[in-house]
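Asks: got a sequence here, can you build the structure:
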Amino acid sequence: MMFYDVYPRKSYADFINPSFETVKRIGYYSKNPQSVTVSNVPYNGTNGKEFPLGLRRYSDRRYYYEGNGGVITIKYQNVVMGYVHPDDTFEFTNTRHWASYNCKQDILNRLFNPFALNRLSREGGMVLIKRDVQAVRIDRSVQYVVFDGLRVNINTLELHPSSNHHIEVTYLDRKLTKAIRDKHENEFKAARAFIMATNAETLRQDHDNITYEKDMYDWFIGYIWRELFTHSFRKSSMSYLNNLLEEHKTLWFDKAKKKILEDIYRTEKPFKTRILQAGERIPTGNWGFKIIKHTGA
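Replies: Sure, this is the predicted structure:
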C-alpha cells in the first residue's frame with residue numbers, strides 16, 4: 001500500500017510552516033483520481049502544532065513539532081518513527097517495530113523523495129538506499145542498515161556525525177566450507193541413494209522410528225516427511241502421497257541438504273568477518289552483522 005496523498009517534504013522548514021500545503025486526491029479509489037492542493041490545517045486542540053501527514057481519514061498519521069524551533073516528531077499509528085532536526089536531518093527510532101512489512105516505510109518513502117527504504121532479508125532486514133529522483137532509479141552506491149539512532153540528511157543521505165558507525169559482516173569462508181562438504185560427501189551420497197529409492201510408506205515408517213540419536217539419513221527423512229505432509233493438503237491415500245513424493249523428491253532432497261549444511265556451519269563455524277564503512281553495501285548471503293557505533297561520535 002502506498003500513501004499517494006502524502007506530500008514530499010524537502011526541509012525542516014516545510015514542516016513548521018503552518019501554511020504548508022498538501023495534496024488531496026479526489027476519487028482516491030477510482031481509476032483516474034484528481035489531485036487538488038489544499039491547506040494543511042492543524043488538528044483541533046493541538047495549539048497549531050500537530051498536523052496530518054496526508055488525508056484526515058488516516059487519523060493516526062501525523063507529525064508535530066515542539067516549542068519554537070524544536071525537533072519535529074513523525075508518528076504513524078501512534079508509534080514514533082523518527083525525528084526531523086533543524087539541520088534537515090532525519091533520525092530513525094523504534095525500528096524494532098518494523099520487524100514485519102508494514103506501511104511505515106511507505107510513508108517515509110513518500111515523505112522524503114530521496115529515501116528508498118527496502119526490506120531485504122538477505123542483506124539484514126530494512127535498508128535505506130538513495131533514490132535518484134530525477135532519473136527515477138535506485139542508487140545502490142549508498143546503503144545504510146536502518147537502526148535506532150541512524151541520522152541522515154533528508155536530501156543527500158549524508159550521515160550525521162552522531163551516528164557514525166561501521167559494520168562487521170560475517171560470511172562463509174569458501175575454503176573451510178568446501179572442507180566440510182567434502183568431509184560429509186559420502187554421507188550425502190548414501191542418504192540420496194536411500195531417498196531416491198524410497199516410497200511414501202517407507203518414508204513414514206522410517207520417520208516413526210527416528211530417535212534423538214539422529215544420523216544423516218534421519219535428518220533427511222525428517223525434513224522430507226515434513227515437506228510431504230505440508231504439501232499433501234490432508235490427502236492421505238498412498239497413491240497420492242507416492243505421486244507427490246516422486247514429483248518433488250529431488251527438490252526436497254536438495255533443500256534438505258542445504259538446510260543440513262547450514263546447521264553444520266552453525267556448529268562448526270567456518271566463518272570470517274570483514275569491516276564495512278557506513279554506507280557500503282552489505283553483500284548478500286551474509287551470516288549476520290553487527291553495527292558498531294564509533295565512540296565519541
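Asks: output the lowest mean pLDDT helix or strand found in this protein.
Replies: Counting by mean pLDDT, DSSP states H and E, the chain has its least confident helix or strand at strand 21-26, which shows a mean of 58.
Asks: which residues in this structure form helices?
Replies: With helices called from DSSP state H, the chain shows them at 12-16, 104-111, 174-197, 200-208, 216-231, 238-268.
Asks: and the ones you listed as TSV, adding mean neighbour count?
Replies: Any C-beta I mention is one placed from the backbone N, CA and C, and that applies to glycine too. Listed next are the helices of the chain as TSV, based on neighbours: other CB atoms under 10 Å:
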stretch	mean neighbour count
helix 12-16	16
helix 104-111	20
helix 174-197	13
helix 200-208	15
helix 216-231	18
helix 238-268	14
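Asks: residues touching residue 184, list them.
Replies: Applying CB atoms under 8 Å, 6 or more residues apart in numbering, we find residue 184 in contact with 216, 261, 264.
Asks: and the second one, what pLDDT?
Replies: Note on residue 261: pLDDT of 95.
Asks: show me what contacts it?
Replies: So residue 261 contacts 177, 180, 181, 184 (CB under 8 Å, 6+ apart).
Asks: could you redo the last one with a cut-off of 6 Å?
Replies: For residue 261, the contact set (CB atoms under 6 Å, 6 or more residues apart in numbering) is empty.
Asks: ok, it to residue 72 distance?
Replies: Distance of residue 261 to residue 72, given as CB to CB, to the nearest Å: 49 Å.
Asks: cool, and the first one?
Replies: Going from residue 216 to residue 72 by CB to CB gives 58 Å.
Asks: what is the nearest of the contacts of residue 184 to residue 49?
Replies: Distance to residue 49, by CB to CB, is smallest for residue 261 among those, at 56.4 Å.
Asks: ok, now which ones touch residue 47?
Replies: Per CB under 6 Å, 6+ apart, neighbours of residue 47: none.
Asks: so what pLDDT did it get?
Replies: On the pLDDT scale, residue 47 gets 81.
Asks: mind listing what residue 207 touches?
Replies: For residue 207, the contacting residues are 221, 225, by CB under 6 Å, 6+ apart.
Asks: go again using 8 Å as the cut-off
Replies: Contacts of residue 207 (CB under 8 Å, 6+ apart): 221, 222, 225.
Asks: check whether residue 223 really touches residue 257, as I assumed.
Replies: No - when contacts are counted by CB atoms under 8 Å, residue 223 is not listed as touching residue 257 (9.1 Å).
Asks: got the phi and psi for residue 45?
Replies: Main-chain torsions, residue 45, degrees, to the nearest 10: phi 80, psi 0.
Asks: ok, it to residue 83 distance?
Replies: According to CB to CB, residue 45 and residue 83 sit 22 Å apart.
Asks: the domain parsing of this structure - what is it?
Replies: For the chain, automatic domain parsing gives the domain ranges 12-164, 174-268.
Asks: mind checking the end-to-end distance for the last one?
Replies: The reference is to domain 174-268. End-to-end distance for domain 174-268: 14 Å, by CA to CA, to the nearest Å.
Asks: same check, this time on the longest one
Replies: Its first and final residues considered, domain 12-164 spans 22 Å by CA to CA.
Asks: ok so, going back, list just the nearest of the contacts of residue 184 to residue 192.
Replies: When those are compared against residue 192 (criterion: CB to CB), the nearest one is residue 216, at 10.3 Å.
Asks: buried ones in stretch 72-85?
Replies: Within stretch 72-85, the residues that count as buried by 16 or more other CB atoms under 10 Å are 72, 73, 74, 75, 76, 81, 82, 83, 84, 85.
Asks: so what's the fifth one up against?
Replies: Contacts of residue 76 were listed using CB under 8 Å, 6+ apart, and they are 53, 60, 61, 103, 104, 107.
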